[in-house]
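K.L.:
what's the 3D shape of this:
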Amino acid sequence: MSSSAFDAISKFCLDNDKDFPVRNQAFAIYAQKLKEAIENHKQKNGRITPAQESTIHNMMESESEIRGYVVAAERIISDIKETAIEPYKSSFNWKDYWISVSSSVLGAFFYSVLLVIMFVVAEEQIKSWVAPMVYERQSIQTPADQNSNNSMQPTANASAD
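P.N.:
Numbers count the residues shown, from 1 in each chain. Reported below is the predicted structural model:
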């Protein structure tokens with residue numbers, strides 16, 4: 001597979017405002033047909049010379065062949081789009097939409113209620129987890145912290161002055 005074939009298909013697609021997926025699919029079709037043509041020639045003749053292979057390449061890279069690859073690629077891509085999108089276009093209705101929205105809201109509400117119940121039931125357990133962290137932080141205070149706390153409190157001598 002030569003880069004000139006890809007370049008020729010790319011140029012054709014750019015000149016005719018075709019998208020990259022069409023170009024890629026057209027090149028895949030070209031590559032598959034080239035492979036089949038070379039294998040068929042080898043089966044019939046036993047081998048293939050470089051001149052014969054070059055002739056096959058030139059024949060398959062003609063303007064009319066490239067146009068055929070692009071048309072086939074467009075057909076394949078449009079068929080894929082139709083089969084992938086069509087089931088969703090025809091099945092949409094507002095009733096199903098609102099059922100989905102309400103079930104999501106209801107599920108979120110039940111989840112919130114479940115969390116509240118769990119926190120109420122496990123209140124003592126949560127306190128037992130949090131309390132050591134609070135008491136540990138209070139007991140970690142250094143003497144300097146305690147002095148700064150004491151200096152902020154008014155003393156009896158300072159109020160007498």
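K.L.:
so what's Ser4 up against?
P.N.:
Ser4 is in contact with Glu61, counting by Cβ atoms under 8 Å, 6 or more residues apart in numbering. C-beta here means a position set from N, CA and C on the backbone, and glycine is covered the same way.
K.L.:
And it, which helix or strand is it part of?
P.N.:
For Ser4, the element it lies in under DSSP states H and E is helix 3-15.
K.L.:
Beyond that helix, next helix or strand please.
P.N.:
Taking DSSP H and E as the definition, the helix or strand that follows helix 3-15 towards the C-terminus is helix 20-45.
K.L.:
Would you mark the buried spots in the helix or strand that that following helix is followed by?
P.N.:
Using DSSP H and E, the next helix or strand after helix 20-45 towards the C-terminus is helix 50-60. Using 16 or more other Cβ atoms under 10 Å as the burial criterion, the residues of helix 50-60 that qualify are 56-57, 60.
K.L.:
Would you mind putting the CA coordinates of helix 50-60 into PDB?
P.N.:
Below are the C-alpha coordinates for helix 50-60, written out as PDB (Å, rounded to 0.1, in the frame of the first residue of the first chain):
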ATOM      1  CA  PRO A  50       6.900  -5.900  -9.700                       C
ATOM      2  CA  ALA A  51       5.700  -4.600 -13.100                       C
ATOM      3  CA  GLN A  52       2.400  -6.500 -12.700                       C
ATOM      4  CA  GLU A  53       2.000  -5.200  -9.200                       C
ATOM      5  CA  SER A  54       2.700  -1.600 -10.400                       C
ATOM      6  CA  THR A  55       0.000  -2.000 -13.100                       C
ATOM      7  CA  ILE A  56      -2.500  -3.200 -10.500                       C
ATOM      8  CA  HIS A  57      -1.700  -0.200  -8.300                       C
ATOM      9  CA  ASN A  58      -2.000   2.200 -11.200                       C
ATOM     10  CA  MET A  59      -5.300   0.700 -12.300                       C
ATOM     11  CA  MET A  60      -6.700   0.900  -8.800                       C
END
